[in-house]
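# with the sequence up front, the predicted model follows.
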Amino acid sequence: MASALVKENGDHPPIWTVTTYRRRRDEGRRHRERRTVGFFYDQITALKIVEGNYGDLEEAGWYQFAVVEPLGSGLYPTNEADERFWFEFVYADEDHQEGKWHLLGSVAPKELLDDLGLERDRLTNWSEIC
């Protein structure tokens, strides 16, 4: 009976999470900060939230990257479909007043993974599988 509480039978559709990332380097060491800012019941809404920069997702330049990915139900769920959408926030002017999220694709560029300290492009909103 306890196992039924750990992982549901998979009949439920996933939620779609939006997680923002910040990369920085201090004294030659890589640091990353991330924050899961929302979850949605459908992919389209989650993508629109990022593309429209609802809620100032980049938080005045603090977060440069965002990922939208599905998450199934259960204890320590993973993104088994390996489906995700990576975005980078790009400023349109030198004053960093205006900008927008640009879709990078379903796989993060290797240099981004390196800077974030991730071994490969497999993660969920709060845990990494490296």
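Right, received. Where do you want to start?
# only C-alpha atoms from now on, for both contacts and neighbour counts.
Will do.
# could you pull out the strands for the chain?
15-26, 29-40, 65-71, 85-91, 99-105 (DSSP state E).
# tabulate the ones you listed (CSV), appending mean pLDDT, distance to D114 and mean neighbour count.
As requested, the strands of the chain are exported to CSV (pLDDT from 0 to 100; distance: least, Cα to Cα, whole Å; neighbours: other Cα atoms under 10 Å):
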stretch, mean pLDDT, distance to D114, mean neighbour count
strand 15-26, 81, 10, 19
strand 29-40, 79, 9, 14
strand 65-71, 89, 14, 26
strand 85-91, 92, 15, 19
strand 99-105, 92, 16, 16
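# got those strands as JSON lines, with distance to E111 columns?
Output for the strands of the chain, formatted as JSON lines (distance: least, Cα to Cα, whole Å):
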{"stretch": "strand 15-26", "distance to E111": "11"}
{"stretch": "strand 29-40", "distance to E111": "12"}
{"stretch": "strand 65-71", "distance to E111": "13"}
{"stretch": "strand 85-91", "distance to E111": "13"}
{"stretch": "strand 99-105", "distance to E111": "13"}
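# out of the ones you listed, which is closest to E59?
Nearest to E59, of all the strands of the chain, is strand 15-26, at 9.6 Å by Cα to Cα.
# closest one to N53 among the strands of the chain?
Of all these, strand 99-105 comes closest under Cα to Cα, at 7.0 Å.
# kindly check the end-to-end length of stretch 95-103 for me.
22 Å (Cα to Cα, to the nearest Å).
# I'd like the numbering to begin with 7 instead of 1 from here.
Got it, the first residue is 7 from now on, which makes the last one we talked about stretch 101-109.
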